[in-house]
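**Student:** Sharing a model prediction with you, sequence too.
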Amino acid sequence: MKIATWNVNSVRVRLPHIVDWLKTSDCDVLLLQETKTINETFPSTDFKSINYEVAIVGQKSYNGVAVLSKFPIEILETSLPGDKKDSQARYLEVLIKQKQNKIRLSSIYLPNGNPIDTDKFTYKLSWMDRLIRHAKKLVGNEEITVLAGDYNVIPEEIDVYDPTGWEKDALFHPSTRSKYREILNLGFYSSIRLIQPQKKLFSYWDYMAGSFQKNKGLLIDHILLSPQACDKLIDSGIDAYPREKSKPSDHTPVWCSLKT
DNA sequence: ATGCCCACGACACGTGGA
C-alpha cells in the first residue's frame, strides 16, 4: 500500500496537480494539509470520480486537513485530543480497511509557531505536547499506525539548506526539535530516514527568490511509523516533480510503501 | 542587509504561511 502526505496550499487551486499526481503515482492513501476551505466547497466529487473516498476536516481560509483513499475510510478523530477549545482544523485520524489489514492514519498540520517570542510559538509547543500524549496512547495499541503530515519541524541539521540561518526559527528551535524527538523516543520512526539515513532530502522550498531552482529547501513533511508499520516498510521517497510545475504548492509529496 | 511569492476573501497600508 502506497501512502503519501502533501501540504497542497489550497486544494481548490491545486486540484489539477493533485488529480494528475494521484493518476501517475499509484497512491492508495493521500493525506492532505492546508486545504484552505470549508467542507462544502471541498472538491470531493472530483476525487470520487477517480475512485477515491474522501474524509475532510475543513475551515474557512486557513488550515484544513483531509484523507483521500482507494479503500473505505472510518473516521476516528476530527481534532487532536487534549484541548476542546482548539478549533483549528489541523488533525484527522482515520482507519483504512484493506482486505484483512487495518491501518490507522493521521493527517497532521502542526502549527508553524513563528515568531518565537509570541503566543504562536506557545501554541505550537502545547500542540506538540498534545501530540506526544496522543502518540504515546497510540503506540500502546501495537497496531500499524502512520502519523504523517506537515510537522513544521526541521529535525536535524541535514534537513535544512542553512542550519545557522534557521537557528532562531520556530521550525528549528531547540524546544521544537526536542519535542519532535520525544515522539521518536516513543517508538515512531521517520520512513524516509529508515530508507535514506544520511541523504539531503527536502519536501519544501520557499516560493521566493528561486529557492527551488537553488535547492534551498527544508525537510518538514514527515511520515512517522509505529514499530508495527516499520516492520511492513518497503520503500520511502520524495517526489519533487509536482514542485516543478507551474502554480505549484511550496511543498511536494512524501510517500512510503508498506507490505500488505 | 532586505525582500522577493502565494492563497484567501472581499479590497487592505489585510492575514498567514515557513
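**Tutor:** Arrived safely, thanks for sending.
**Student:** near DNA strand B, which residues of the stretch 51-200 of chain A?
**Tutor:** A:60, A:61, A:62, A:111, A:112, A:114, A:120, A:150, A:152, A:171 (CB under 7 Å from any atom of the strand). Quick note: C-beta positions are derived from backbone N, CA and C, even for glycine.
**Student:** Single out the residue in the stretch 151-260 of chain A that lies closest to DNA strand B.
**Tutor:** The stretch 151-260 of chain A approaches DNA strand B most closely through residue A:209 (2.9 Å), counting by CB to the nearest atom of the strand.
**Student:** Show the contacting residues for that residue.
**Tutor:** residue A:216 (CB atoms under 8 Å, 6 or more residues apart in numbering).
**Student:** rerun at 6 Å
**Tutor:** By CB atoms under 6 Å, 6 or more residues apart in numbering, the contact set of residue A:209 is empty.
**Student:** Distance-wise, check it relative to residue A:65.
**Tutor:** Between residue A:209 and residue A:65 the computed distance is 29 Å (CB to CB, to the nearest Å).
**Student:** sorry, back to before: from the residues of the stretch 51-200 of chain A next to DNA strand B, list just the buried residues.
**Tutor:** A:111, A:112, A:114, A:150, A:152, A:171 (16 or more other CB atoms under 10 Å).
**Student:** export these to TSV and tack on secondary structure and pLDDT?
**Tutor:** Output for those, formatted as TSV (DSSP: H, G, I helix; E, B strand; the rest coil; pLDDT from 0 to 100):
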residue	secondary structure	pLDDT
A:111	coil	96
A:112	coil	95
A:114	coil	93
A:150	strand	97
A:152	coil	97
A:171	coil	97
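**Student:** Now the two most distant members of those.
**Tutor:** A:114 and A:150 (14.1 Å; CB to CB).
**Student:** Now residue A:42. Its backbone dihedrals?
**Tutor:** phi -70, psi 130 (degrees, to the nearest 10).
**Student:** any idea how far residue A:70 is from the nearest residue to residue A:46 once chain neighbours are set aside?
**Tutor:** Using CB to CB, 6 or more residues apart in numbering and skipping the chain neighbours, the partner closest in space to residue A:46 is residue A:15 (6.0 Å). Distance of residue A:15 to residue A:70, computed by CB to CB: 18 Å.
**Student:** In space, not sequence, find me the middle residue of chain A.
**Tutor:** By CA atoms, centre = their mean, chain A has its centre lying nearest to residue A:149, at 0.9 Å.
**Student:** For the helix or strand where it lies, C-alpha coordinates in PDB please.
**Tutor:** Per DSSP states H and E: residue A:149 is located in strand A:145-150. The C-alpha coordinates for strand A:145-150 follow below in PDB (Å, rounded to 0.1, in the frame of the first residue of the first chain):
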ATOM      1  CA  THR A 145      -0.100   3.300  12.800                       C
ATOM      2  CA  VAL A 146       1.100   6.200  10.500                       C
ATOM      3  CA  LEU A 147       1.300   9.700  11.800                       C
ATOM      4  CA  ALA A 148       2.100  11.800   8.700                       C
ATOM      5  CA  GLY A 149       1.900  15.400   7.600                       C
ATOM      6  CA  ASP A 150       3.400  18.900   7.700                       C
END
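**Student:** what's the angle from whichever helix or strand comes after it to strand A:145-150?
**Tutor:** Counting by DSSP H and E, the next helix or strand C-terminal to strand A:145-150 is helix A:174-185. Interaxial angle, helix A:174-185 versus strand A:145-150 (axes from the mean of the first three to the mean of the last three CA atoms, to 10 degrees): 160 degrees.
**Student:** picking that back up, and residue A:15 and residue A:70? Which one has more around it.
**Tutor:** More crowded of residue A:15 and residue A:70, by other CB atoms under 10 Å: residue A:70, with 18 against 14.
**Student:** Now do the same contact list for the residue lying closest to the more buried one once chain neighbours are set aside.
**Tutor:** In space, and not counting its chain neighbours, residue A:70 is closest to residue A:28: 4.9 Å by CB to CB, 6+ apart. By CB under 6 Å, 6+ apart, the contact set of residue A:28 is A:1, A:2, A:70.
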